[in-house]
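Colleague: here are the coordinates; sequence isn't available:
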Ligand SMILES: Cc1cc2nc3c(=O)[nH]c(=O)nc-3n(C[C@H](O)[C@H](O)[C@H](O)COP(=O)(O)OP(=O)(O)OC[C@H]3O[C@@H](n4cnc5c(N)ncnc54)[C@H](O)[C@@H]3O)c2cc1C
């Protein structure tokens, strides 16, 4: 079975790994000229961790990962005002838990298929046409090719979804916040293994010190306007507008931002596709990862969910002997309700990243203080860190 996967992020290469392992022939088309390794620190656990484990990636992921010791909130003078030990998260998950840069995870997953799966970098699907027996694909650059199936694993702003299901605006639910992530070398101060956050009403900036004298930064801010600059200068200017007069290390972090060109900047949005209309599948085309069901960074689990969905889709294709209709139906029934739950939970989390008022900022910090008490931490994390899905063995 020849399957074209659009997108070499996290979901695409995971899907390619399993399809290849089951004897099918995946091809990836990635519009960037090389693997994109940007992004922020992700917490990685749950069903996605189990999938990574089944791919033999546990040692590599743990090697790149960090065992965060403390989540710390500071005031405008850098003085600690709230926080809790991060090990409550690890304790609450049975699968394994680590925090690692998204780019390291992307590279590790891609490494499993780099020598085995054809990847067309620097290209994108221009047009596709489904016939009863196959899908004919025209690329922007590459000559046309024919596949048995096409999977859109091309992220929040999926091209495949646009071409086959309709414009993004129909499925995107903007959560009223924007996010920017970047890293630089040599930043001072450093707080080893501490996730340091400074929040004001409607916005927050966080930093984490990494190996190799690098530091990662994450800005999140409330913004009613879903549109935003797509060019780097415009993004920098918008961040300066929001954080230019802020306390703590904000001026210094904005200066650091000016020294890099690798900035991840996006809306915080979810993708919700109506189950009544075939959910993620139209004939021989289906979607996986953020393209299908982006949960947003508020879920803290986008990468793990992308890997879980990809694993199930590949497994069902294998189980049904390549029957796309039956496999997609089972994939959606197994994974759909699970990811919908995660989306609802993520929406409730919006206030943590950009508290709407002084009162909610105060309340959030109080809750964080309570997490220093063992039984409260166990109860809270125990609830939030359950992955109510049984991963099939294929
Ligand atoms: C560089 C980068 C940095 C990120 N940083 C963060 C972060 O800091 N915090 C956070 O919460 N989430 C971040 N994300 C999103 C996060 O990675 C996803 O939520 C999660 O990994 C789901 O994985 P995915 O494979 O579905 O999507 P993604 O990881 O977004 O991968 C999608 C892939 O598709 C490619 N693509 C896009 N359009 C096309 C096209 N037309 N044709 C072919 N390929 C295409 C993209 O280049 C990308 O490689 C980032 C994504 C990227 C690409």
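Modeller: Great, that's in hand. Please read all numbers here as calculations on a predicted model, not as lab measurements.
Colleague: Return the residues in contact with the residue in the stretch 201-350 of the chain that the ligand sits nearest to.
Modeller: Distances between the stretch 201-350 of the chain and the ligand by CB to the nearest ligand atom are smallest at residue 289, namely 2.3 Å. C-beta coordinates here come from the backbone N, C-alpha and C atoms, glycine included. Counting by CB atoms under 8 Å, 6 or more residues apart in numbering, residue 289 touches 7, 9, 10, 11, 12, 153, 155, 305, 306, 309, 310.
Colleague: Including secondary structure, could those go into CSV?
Modeller: Shown next, in CSV, are those (DSSP: H, G, I helix; E, B strand; the rest coil):
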residue, secondary structure
7, coil
9, coil
10, coil
11, helix
12, helix
153, coil
155, coil
305, helix
306, helix
309, helix
310, helix
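Colleague: how about the residues of the stretch 51-200 of the chain near the ligand?
Modeller: Proximity of the stretch 51-200 of the chain to the ligand, by CB under 6 Å from any ligand atom, involves residues 102, 124, 153, 154, 155, 159, 181.
Colleague: In the stretch 51-200 of the chain, where is pLDDT below threshold?
Modeller: Low-confidence segments of the stretch 51-200 of the chain (pLDDT under 70): none present.
Colleague: Which stretches in the stretch 201-350 of the chain count as strands?
Modeller: Here the stretch 201-350 of the chain has its strands, by DSSP state E, counting those that start in this stretch, at 203-209, 214-222, 264-271, 281-282, 285-287.
Colleague: Out of the ones you listed, which is the most enclosed?
Modeller: Comparing those by mean neighbour count (mean count of other CB atoms under 10 Å), strand 285-287 ranks first with a mean of 27.
Colleague: for it, packing partners?
Modeller: In terms of contacts (3 or more CB pairs under 8 Å, 6 or more residues apart in numbering; DSSP states H and E), strand 285-287 is packed against strand 149-152, helix 159-164, helix 324-347.
Colleague: quick one: the following helix or strand past the second one to chain centroid distance?
Modeller: On the C-terminal side of helix 159-164, the nearest following helix or strand under DSSP states H and E is strand 172-185. Averaged C-alpha coordinates place strand 172-185 at 11 Å from its chain's average position (CA atoms, centre = their mean, to the nearest Å).
Colleague: Mind giving me the packing neighbours of strand 172-185?
Modeller: When contacts are defined as 3+ CB pairs under 8 Å, 6+ apart, strand 172-185 packs onto strand 214-222, helix 232-243, helix 250-257, strand 264-271, helix 350-353.
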